[in-house]
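Visitor: Quick one, what's the 3D model for this:
(chains A, B, C and D)
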Protein chains: 4
Amino acid sequence: MTKRIAILGASGYTGAELVRLIATHPAMKIVALTGDRKAGMSMAEVFPFLAHLQLPTLQKIEDVDFSAVDLAFCALPHATSQAVIAALPRDLKVVDLSADFRLRDPAEYEKWYGKPHAAVDLQAEAVYGLTEFYRDDIRRARLVAGTGCNAATGQFAIRPLIEAGVIDLDNIILDLKAGVSGAGRSLKENLLHAELSGGTHPYSAGGTHRHLGEFDQEFSKVAGRPVRIQFTPHLMPFNRGILATVYVRGDADAVRKALADRYAAEPFLHVLPFGQLPSTRSIAGSNFVHLGVVGDRIEGRTIVVGALDNLTKGSSGQALQNANLMLGLDETAGLMLAPVFP
Amino acid sequence: MTKRIAILGASGYTGAELVRLIATHPAMKIVALTGDRKAGMSMAEVFPFLAHLQLPTLQKIEDVDFSAVDLAFCALPHATSQAVIAALPRDLKVVDLSADFRLRDPAEYEKWYGKPHAAVDLQAEAVYGLTEFYRDDIRRARLVAGTGCNAATGQFAIRPLIEAGVIDLDNIILDLKAGVSGAGRSLKENLLHAELSGGTHPYSAGGTHRHLGEFDQEFSKVAGRPVRIQFTPHLMPFNRGILATVYVRGDADAVRKALADRYAAEPFLHVLPFGQLPSTRSIAGSNFVHLGVVGDRIEGRTIVVGALDNLTKGSSGQALQNANLMLGLDETAGLMLAPVFP
Amino acid sequence: MTKRIAILGASGYTGAELVRLIATHPAMKIVALTGDRKAGMSMAEVFPFLAHLQLPTLQKIEDVDFSAVDLAFCALPHATSQAVIAALPRDLKVVDLSADFRLRDPAEYEKWYGKPHAAVDLQAEAVYGLTEFYRDDIRRARLVAGTGCNAATGQFAIRPLIEAGVIDLDNIILDLKAGVSGAGRSLKENLLHAELSGGTHPYSAGGTHRHLGEFDQEFSKVAGRPVRIQFTPHLMPFNRGILATVYVRGDADAVRKALADRYAAEPFLHVLPFGQLPSTRSIAGSNFVHLGVVGDRIEGRTIVVGALDNLTKGSSGQALQNANLMLGLDETAGLMLAPVFP
Amino acid sequence: MTKRIAILGASGYTGAELVRLIATHPAMKIVALTGDRKAGMSMAEVFPFLAHLQLPTLQKIEDVDFSAVDLAFCALPHATSQAVIAALPRDLKVVDLSADFRLRDPAEYEKWYGKPHAAVDLQAEAVYGLTEFYRDDIRRARLVAGTGCNAATGQFAIRPLIEAGVIDLDNIILDLKAGVSGAGRSLKENLLHAELSGGTHPYSAGGTHRHLGEFDQEFSKVAGRPVRIQFTPHLMPFNRGILATVYVRGDADAVRKALADRYAAEPFLHVLPFGQLPSTRSIAGSNFVHLGVVGDRIEGRTIVVGALDNLTKGSSGQALQNANLMLGLDETAGLMLAPVFP
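Guide: Predicted structure coming up:
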């Protein structure tokens, strides 16, 4: 039976990406789209690339009839999300794409986001949405918190290595290259084409990026002891894709084996043959993740490189994968689109 | 019943785009892929973005068992195509993506391509692949000649205006902006990133571009008298997409009506509301065409703007649409993918 | 003797480009920089690419001592400019880069800019800053109005043809491709990298772009009768450069001769050999203009292509060239920098 | 007195960049340009962006009269360079931009470049061209070997830290982002716009990049013991600029002080205030280097980020700076051009 879907915050990039993916989904139908400032507009006006679809007009959240909705994606800004979700019917399945429910510990939330959480009970209820590691919990969850896109990329590369005990936990460096759509449709000077194209720069360096909250929480949980990595993101002059270059201490063969074993049965995770390293171009527009491993000339040091599309596997594709699980559908439904190259 | 597909010349961009599209096609299966210099390699090696698919290894054309093939796409270079297709079984359905069978008149072929045609009988048999205008012929055809990508864009914008008799046939100017993937995967200095990015330039100006052969043939046929347009293509620093800006003499309302009427029932053609003009970004990665019309401040002059993705609707998507017709399948099968934005 | 220069509005792109050019000027020294919202900041903070220069701190206009200034560049937004310049000392030499003083007729100004001009006397005094055509007036002027960047490109290609009487005045079409820095450092959704890169679209089509006011004024003046052209600008996914493709009726040889003769002695205007057409990449970062001509296959029709850098010859370089004249300096001082390629 | 300059290999990017810089040099004149396959062509044909300059026609090396040359820049491919330079007059001053004379030890050369060196005597004579560290030797040198562009970037960030003894020598990781012009004007599939734009990937990872030969040689020499770093370059979708992100162990204040002290008197090296990190956009087109430092949240770990333009300070600008020293000219002559932004 076709599931009825609402997308709250459909005028941003992750909202639009959800629409794009659901457009060819065999068992979902979009019944409500919201956009606060753009209520009353058609999606074709807001996103002309969706003009070929028959879609509901954008409306205000308070005008949505949630009794006719099976699952809502919440693609609203951080902080807004917790207020909105707290006001939704408590039996409505929700996949949240914001940062609001990623951290379990209210103190950690406050530390990284600068203010107390406004829906602590929901925070406790929420399941962390890294599908390949929380699949069973997600299947049973009512509220799933989508991961950060950088956080997803780093975890796909590092997490199995911690699980398998093949690397030194105190020497993990993640140098990340992030496409600009991860910053959303926000009007900031440094996101203008004239400022961003043709070059690169690091940002939030030295341990200040909020996705470190997720890395700390998850890696420490897996390791059973505190793990803190170094993380430097760089803003890239392209729209889609994240490349994570991870420097670890451990044997390259053991590292590659840990990844290959962990992901052997995963439909979206692909560990490349030795000697081959990922490119963001080879996953752009898709839900696939590519991982590659190379041993350094210095013995005992290994480099892991991972790539995914921040809008797909890093947020909206992940969200749809989780929704499929929550609704009892085929986990890969609507998600087997090939990347777009060139 | 699933149709068995061969792709000849699978190591180029149009070949890869066919694989991408067929990957989610419900009724086609790729049974053979050829690549002369790359025979023996896997597609994952040649195009890592296709690594998630189970595909046949690249082989030489002479090693393909065509008795087990329902339809072959021929994505080979111009001139090579005619020799290869002439040697294929004469009952094999073929969609050719090269320029070899686009022009009906051998003299015109020789004029534009600089040498005599080597398969004049096939040239006579071939149906011109502009689906929306040759649908019935294509359905019955054995050999279909894919159009030029620029030729397709220009015809979608201009052809209905000639049919409807709403423009002056002696004053048609087509200023075209073409993404670089249209030039293929060829090693030319001016296609290097360092040479191409960050700027634009015209090429083949003044009436020398080969796609004029198609415009002349088709527009003259529709008009019932010789029609010669002006055509200036410009190479754009982006990978996918063609934007055609067409300057015509005629009433803007009549022009827009001619387009809207002609394409009212077409699944891939979308005429925008007055006041809205297309962007290549809104069709990239898809088989859709956007068309917009604006009247000039000078009475009687009108501008038509059309946009499509050169690799999809301009070549491989068009080819698949035609193959669907030739095989008795749903014309839109595998082609309803939404564009990718941003 | 070194001339003392003030730049009003130094926190935008044209202001920064002036600083870049004056940095190696042998006879100018920047003594004041203003930026309303950024007063108190150093230029190195606002534009880190200027960090190697010793520059005055940004201040408010009202804090500048204009008695110690020989010439002021006014790089403020449209409408702001006229108010600011009206309040400056009436003997201060001023080069304005805004649109405020480009149109001589107050009615035309109101028509194109939507409100009455607030400094009609200055409007009458201002000299139009297209150096190669107003050189003597500029040398004597106190107030020079920089041209629009699109308007400059179009005029360099078309104006000599009208002067020489070699083209039909009623059939001029200007299809223009404009780099995004021409839109300034303004926070608009369509200027974001994620929205702009990877594609193109037309804007202000059909005769609504304000630079048509300049074309109408100048071409009609040269022709001695009303001349109205068609003009369609397209936003390009690169930062610097404008390419103008002009469709005219006239003999290609006569057209090329008119350009070559007119610009034979000009240091910045370069008419390419027949058969060669300009690329924006070959002038980016410089004050040079490249022009090329090709005859169409349809007799009597000719295409002229021109290219310049919108921030240099299209605004700040032009402004500096004019300032050199106004101050009795070598016209090319500070302006012979080669383009930057690749 | 004006110095007479020859550029051997003027049809590549570094050759053209030399011409660009020398175009505004007050004391140099280009008297010979060579290009083997392009002999007989004008530079305007090969590089239209240089069309405004009066330059010698390209000729073959054997046709150059070196008796009328004060200094030759050799911008030829690796391996070709050593043969060519060996055949030049032994009293001719030469700045070589290839890799041929960077490594002092013939065994190291053979290890990294895969064949024995053909001019071992010249190898012994050559001075390593990292100006800020070999200035006096360069002033007296006849033959200077330009550094690798990546090697220059890494050394500017790391070398003073080794000199000052403020970091752990066994824990240095260099994650580098390199613009594509560093790969030269070579026809390779992965350098095509369609393949390169819109994404990123690592290459020569795990200790296989040839510039490691330079790092090993120089860092070990400075430290007085073997130093081996980890180095992963990534190909970036932009033309100019290298960003080096360096992970070291040491106190952030001590690290920044070491850089600031070392470069206090250097005209082209700029250490940013704490809290500010470089962008390649802020140095593109110029000979400047920006360096920034940030302490990690993990005590004792520090990140250093450096940026330079690979074609300027990374090769041709460095070469000109060295030539100025060798010819007794002002070291900064022709090199104070501001970066080009946006």
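Visitor: Quick one: the strands in the stretch 101-250 of chain A, in order.
Guide: Ranges of strands in the stretch 101-250 of chain A, per DSSP state E, counting those that start in this stretch, are A:127-128, A:143-145, A:173-178, A:201-202, A:230-235, A:242-249.
Visitor: So which of these is the most surrounded?
Guide: When you average the neighbours per residue for each of the strands of the stretch 101-250 of chain A (mean count of other C-beta atoms under 10 Å in any protein chain shown), strand A:143-145 leads with a mean of 27. (Glycine included, C-beta is placed from N, CA and C.)
Visitor: Which elements pack onto that one?
Guide: strand A:93-96, strand A:127-128, helix A:317-326 (3 or more C-beta pairs under 8 Å, 6 or more residues apart in numbering or on different chains; DSSP states H and E).
Visitor: can you tell me the average pLDDT over it?
Guide: The average pLDDT for strand A:143-145 rounds to 98.
Visitor: try stretch A:204-214
Guide: 96.
Visitor: That stretch near chain D anywhere?
Guide: Yes - using C-beta under 8 Å from any C-beta of the partner chain, stretch A:204-214 comes into contact with chain D via A:A205, A:G206, A:G207, A:T208, A:L212.
Visitor: Around chain B, pick out the residues from the stretch 51-200 of chain A.
Guide: A:A51, A:H52, A:L53, A:S181, A:G198.
Visitor: give me the subset of those touching chain D.
Guide: Within these, those near chain D by C-beta under 8 Å from any C-beta are A:G198.
Visitor: Can you tell me which of the residues of the stretch 51-200 of chain A next to chain B comes closest to chain D?
Guide: A:G198 (4.6 Å; C-beta to the nearest C-beta).
Visitor: That closest one: how many residues sit nearby?
Guide: Residues within reach of A:G198, counting by other C-beta atoms under 10 Å in any protein chain shown, total 26.
Visitor: who touches it in this structure?
Guide: A:P237, B:G198, C:N239, D:F238, D:N239, D:R240, D:G241, D:R281, D:A284, D:P342 (C-beta atoms under 8 Å, 6 or more residues apart in numbering or on different chains).
Visitor: want to try JSON lines for these, with distance to D:G154 and pLDDT as columns?
Guide: Listed next are the contacts of A:G198 as JSON lines, based on distance: C-beta to C-beta, whole Å; pLDDT from 0 to 100:
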{"residue": "A:P237", "distance to D:G154": "22", "pLDDT": "98"}
{"residue": "B:G198", "distance to D:G154": "26", "pLDDT": "96"}
{"residue": "C:N239", "distance to D:G154": "28", "pLDDT": "98"}
{"residue": "D:F238", "distance to D:G154": "19", "pLDDT": "98"}
{"residue": "D:N239", "distance to D:G154": "20", "pLDDT": "98"}
{"residue": "D:R240", "distance to D:G154": "17", "pLDDT": "98"}
{"residue": "D:G241", "distance to D:G154": "14", "pLDDT": "98"}
{"residue": "D:R281", "distance to D:G154": "20", "pLDDT": "98"}
{"residue": "D:A284", "distance to D:G154": "19", "pLDDT": "98"}
{"residue": "D:P342", "distance to D:G154": "27", "pLDDT": "97"}
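Visitor: Of the residues of the stretch 51-200 of chain A next to chain B, which pair is most distant in space?
Guide: A:L53 and A:G198 (34.3 Å; C-beta to C-beta).
Visitor: can you redo the strands of the stretch 101-250 of chain A as CSV with distance to C:Y263?
Guide: Below are those laid out as CSV (distance: least, C-beta to C-beta, whole Å):
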stretch, distance to C:Y263
strand A:127-128, 67
strand A:143-145, 64
strand A:173-178, 46
strand A:201-202, 41
strand A:230-235, 42
strand A:242-249, 48
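Visitor: Looking at the ones you listed, which is nearest to B:E266?
Guide: Using C-beta to C-beta, those put strand A:242-249 closest to B:E266, at 37.9 Å.
Visitor: Next SSE downstream of the closest one?
Guide: helix A:252-263 (DSSP states H and E).
Visitor: Could you list the paired strands of the helix or strand following that following helix along with their orientation?
Guide: Following helix A:252-263 in sequence order, the next helix or strand is strand A:269-271 (DSSP H and E). The pairing partners recorded for strand A:269-271 under DSSP bridges are strand A:289-295 (parallel).
Visitor: helix or strand right after the strand it pairs with?
Guide: strand A:301-308.
Visitor: who does that next one touch, helix- and strand-wise?
Guide: helix A:149-163, strand A:242-249, helix A:252-263, strand A:289-295, strand D:201-202, strand D:230-235.
Visitor: redo that, cut-off 7 Å
Guide: Judged by 3 or more C-beta pairs under 7 Å, 6 or more residues apart in numbering or on different chains; DSSP states H and E, the packing partners of strand A:301-308 are helix A:149-163, strand A:242-249, helix A:252-263, strand A:289-295.
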